[in-house]
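Enquirer: Got a predicted structure here, sequence first:
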Amino acid sequence: MAFDIDMIKKVYANFGPRVEAARKLVGRPLTLSEKVLYTHLWDEKANTAYVRGADYVDFAPDRVAMQDATAQMALLQFMQAGRPQVAVPSTVHCDHLITAKFGAEQDLPAANTESKEVFDFLASVSNKYGIGFWKPGAGIIHQVVLENYAFPGGLMIGTDSHTVNAGGLGMIAIGVGGADACDVMAGLPWELKFPKLIGIKLTGKLNGWASAKDIILKVAGILTVKGGTGAVVEYFGEGAQNLSCTGKGTICNMGAEVGATTSTFGYDESMERYLRATGRADVADAANEIKEHLTGDAEVYANPELYFDQLIEIDLSTLEPYLNGPFTPDLATPISKMKEVALENGWPMKIDVGLIGSCTNSSYEDISRAVSVAKQVSEKGLKTNSKYCINPGSEQIRYTIERDGFLDVFKNIGATVFTNACGPCIGMWDRVGAEKQEKNTIVHSFNRNFAKRADGNPNTFAFVGSPELVTALAIAGDLSFNPLTDTLNNEKGEQVKLDPPTGNELPPRGFDVGDAGFQAPAADGSGVEILVSPTSHRLQLLDPFTPWEGTNLKGLRLLIKAKGKCTTDHISMAGPWLKFRGHLDNISNNMLIGAVNYFNDKTDTVKNASTGEVGPVPATQRAYKAAGIGTIVVGDENYGEGSSREHAAMEPRHLGVRAVLVKSFARIHETNLKKQGMLGLTFVNKDDYDLIREDDVIDIVGLTTFTPNVALTVVLHHNDGTVEEIKVNHTYNAQQIEWFKAGGALNIIRRQIAS
């Protein structure tokens, strides 16, 4: 039986009537995305047809999922809320705090020793508050959620940007910061601006080397890293029905890389097959009873241009494999053009490492297709010319592929099998030689490839592809190799060509697992004690942020004017810094150390305008805070792209930054800033970014009458005595303005629950 089956049946019992009411309210046929959103309104009696991209709406998610790195801060906040138990089904998954180095047999015990304090904390908090706990080694959150918790038509939030993976099972699943998760676990509504809708019609059927991964790699090239911001991407068409459920998950997973709120597919036979294969026949049976409601209305898909804000069409029959990168996941190059493009750009052609797995591509189908390529090394007398590494997505996957002999095939070509965890995908890769910062190329089946992300080396050129393509490229060891057309020289001196990959959507003998790694919470957690040492360097209880003082902000100094791409990796790096995710003061020592300073083109080097000293960003900000001087951060386009980590908002707040002013924000980061009581502002005229000087004294005026849809004024007092005023926009609604005034949303939650 599935987890939380009673909750799922309750959702389904109300689903049809609520869809009918929403259709009548809106006055037209509905997309799947609209059905799920309207059936999950906080106010079940709402009588408003919401305006996409404009109206803020309160929703009632069905569940919350948290990974260990972000769960620490989410649960530290929840502990302040005053509730005895979470209000909705919630889970914690220990997948981030495991370093990949030697292989699972050594790496997992090392992580259990190094991070024992954190794992024990998460286990005890979960036990106390009724949260399901998945132990280290159980698997990557998104794969585990797809296997156990995702269900068609559900609404879920998760403290990781790739929560969207669950769209592969027909959910609306959205990445959020820990404060949002805290709201929902505390039984409060969750707010989201009603998203716009991007429809992607898939026709035809994949063949040869093309895979589901190539669909989203192509889409990333079309939409770019911010083209999906504020929108749900809904896939439909015969091509969508021809995809496996886990293939759909891969596509939804990487929707985070185009900035989409989430991505989803309508319920179909592939989802039913997957539910039954993963022991959830009860969910499949329940879904079948209302299946007409678990997809978009027929009229929508017949005339999609009438119902979506943007429409894209892709013919899967003609799709070729893509490699995206380096340094950004939207730089899409078809494999037939890679040699030409790589030579033009001077990218290193020798591939040092190929890595497969991660939350994006670790299904049985992914592994079986990759193993069909790996088998050809021995069958055709070849050798593997790159190092090769695997991160299985879950213990269920690892156990099953070991049973079916896949791991033996990989080990025969020299593969290292890492723990069922994120590993290199999120920078937890202790790669030998990375500290030398040598120029090199890696290929992987992950989702992100920002500079320094995998191994900390800014000169590692990372390219994203499907597991089967990555395997072929690792065998060749050459970025210019095109397995569709090129041959390899085998040990006999013969020219041989790799056969296209083949694989099984689901294991013919079924899934199997010994210990899945799940710990159920105590039926009564009231007696469970949570201990946090006051001298711990890994965990720190939170103090409430101070409320707004009720005045305009004057005399601010510029901390940094960030130049170009500034992701949450740049604002709050992962990798070795993950160990401090539960200690706000310690992790604040990485604040903005990856951002490029506009005035000197250096990272982690800024000028203290008060003293004239030049130093690291965190130390400079701590000096400003000690002197009682507020500061402002200025940024470029799509500021805060990438991970959902709210530390990127909490660190500036903790260290005394008062506002962030940018050309545009990524959705999750802007929300995280608001939740923590920060000012997130955008230039009315983006060219005004150029007016900000290093020694400016800056005022923000209009806060005493802070009102939705009314611009604020920023006054720049230049060092030469001149003064300029610029207008800045904000997207705060009335409730979010109250968060700002209260010093953060959590301060309001605490008051609400106490009363």
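Expert: It's in. Numbering: from 1, shown residues only.

Enquirer: From here on, just use CA atoms for contacts and neighbour counts.
Expert: Will do.

Enquirer: Which of the residues in the helix-or-strand element of the chain with minimal mean pLDDT are classified as buried?
Expert: The helix or strand of the chain with the poorest confidence is helix 745-754; it has a mean of 78 (mean pLDDT, DSSP states H and E). Residues 745, 746, 747, 748, 749, 750 are the ones in helix 745-754 that count as buried (16 or more other CA atoms under 10 Å).

Enquirer: do stretch 10-27 as well
Expert: In stretch 10-27, counting by 16+ other CA under 10 Å, buried: 11, 12, 15, 16, 18, 19, 21, 22, 23.

Enquirer: which strands and helices sit next to the longest helix belonging to the chain?
Expert: Taking DSSP state H as the criterion, the chain has its longest helix at helix 5-26. Judged by 3 or more CA pairs under 8 Å, 6 or more residues apart in numbering; DSSP states H and E, the packing partners of helix 5-26 are helix 32-38, helix 281-289.

Enquirer: Deepest in the core, which of the ones you listed is it.
Expert: Highest mean neighbour count among the helices and strands packed on helix 5-26 (mean count of other CA atoms under 10 Å): helix 32-38, with a mean of 24.

Enquirer: any residues touching it, and which ones?
Expert: 18-19, 22, 59, 153-155, 171-172, 197, 232, 234, 264-266, 293-297 (CA atoms under 8 Å, 6 or more residues apart in numbering).

Enquirer: Downstream of that helix, the next helix or strand is which one?
Expert: As assigned by DSSP states H and E, the chain's next helix or strand after helix 32-38 is strand 56-59.

Enquirer: Other residues contacting the next helix or strand after that next one?
Expert: Proceeding N to C from strand 56-59, the next assigned helix or strand is strand 63-67, under DSSP H and E. Strand 63-67 is contacted from outside by 88-96, 141, 145, 155-160, 163, 181, 184-185, using CA under 8 Å, 6+ apart.

Enquirer: do that again at 7 Å, thanks
Expert: 88-95, 141, 156-159, 181 (CA atoms under 7 Å, 6 or more residues apart in numbering).

Enquirer: quick one: low-confidence ranges for the chain?
Expert: Along the chain, segments meeting pLDDT under 70 span 1, 753-755.

Enquirer: Please enumerate the strands of the stretch 501-650 of the chain.
Expert: All strands of the stretch 501-650 of the chain, identified by DSSP state E, counting those that start in this stretch, fall at 518-519, 553-561, 606-607, 614-615, 631-635.

Enquirer: Quick check: which of these is nearest to residue 74?
Expert: When the strands of the stretch 501-650 of the chain are compared by CA to CA, strand 518-519 sits nearest residue 74, at 19.3 Å.

Enquirer: so can I have JSON lines of the strands of the stretch 501-650 of the chain showing mean neighbour count and distance to residue 590?
Expert: Below are the strands of the stretch 501-650 of the chain laid out as JSON lines (neighbours: other CA atoms under 10 Å; distance: least, CA to CA, whole Å):
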{"stretch": "strand 518-519", "mean neighbour count": "16", "distance to residue 590": "33"}
{"stretch": "strand 553-561", "mean neighbour count": "22", "distance to residue 590": "14"}
{"stretch": "strand 606-607", "mean neighbour count": "24", "distance to residue 590": "14"}
{"stretch": "strand 614-615", "mean neighbour count": "14", "distance to residue 590": "13"}
{"stretch": "strand 631-635", "mean neighbour count": "23", "distance to residue 590": "15"}
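
Enquirer: Ok, which of the ones you listed comes nearest residue 123?
Expert: strand 518-519 (8.3 Å).

Enquirer: ok, and the closest non-adjacent residue to the residue sitting nearest the centre point of the chain?
Expert: Centrality entry for the chain: nearest residue to the mean C-alpha point is residue 161, 2.0 Å, by CA atoms, centre = their mean. Spatial nearest neighbour of residue 161, chain neighbours left out: residue 175 (4.3 Å); criterion: CA to CA, 6 or more residues apart in numbering.

Enquirer: isn't that neighbour right up against residue 156?
Expert: No - Residue 175 is beyond contact range of residue 156, at 8.7 Å (criterion: CA atoms under 7 Å).

Enquirer: Looking at those two, which one has more neighbours?
Expert: Shown here are residue 175 and residue 156; by other CA atoms under 10 Å, residue 175 has more neighbours (29 against 25).

Enquirer: any idea how far residue 703 is from that one?
Expert: Taking CA to CA, to the nearest Å as the measure, residue 175 falls 30 Å from residue 703.

Enquirer: go on, residue 371?
Expert: From residue 371 to residue 703 the distance is 60 Å (CA to CA).

Enquirer: out of these two, which sits in the more crowded spot?
Expert: The residue with more neighbours, out of residue 371 and residue 703, is residue 371; 24 against 17, by other CA under 10 Å.

Enquirer: any idea which element that one lies in?
Expert: Applying DSSP H and E, one finds residue 371 within helix 364-374.

Enquirer: Would you mind pulling the contact partners of that helix?
Expert: 397, 406, 409-410, 467-468, 471-472, 501-507.

Enquirer: repeat that for 8 Å
Expert: With CA under 8 Å, 6+ apart, helix 364-374 has contacts from 246, 357, 397, 401, 406, 409-410, 413, 467-469, 471-472, 498-507.
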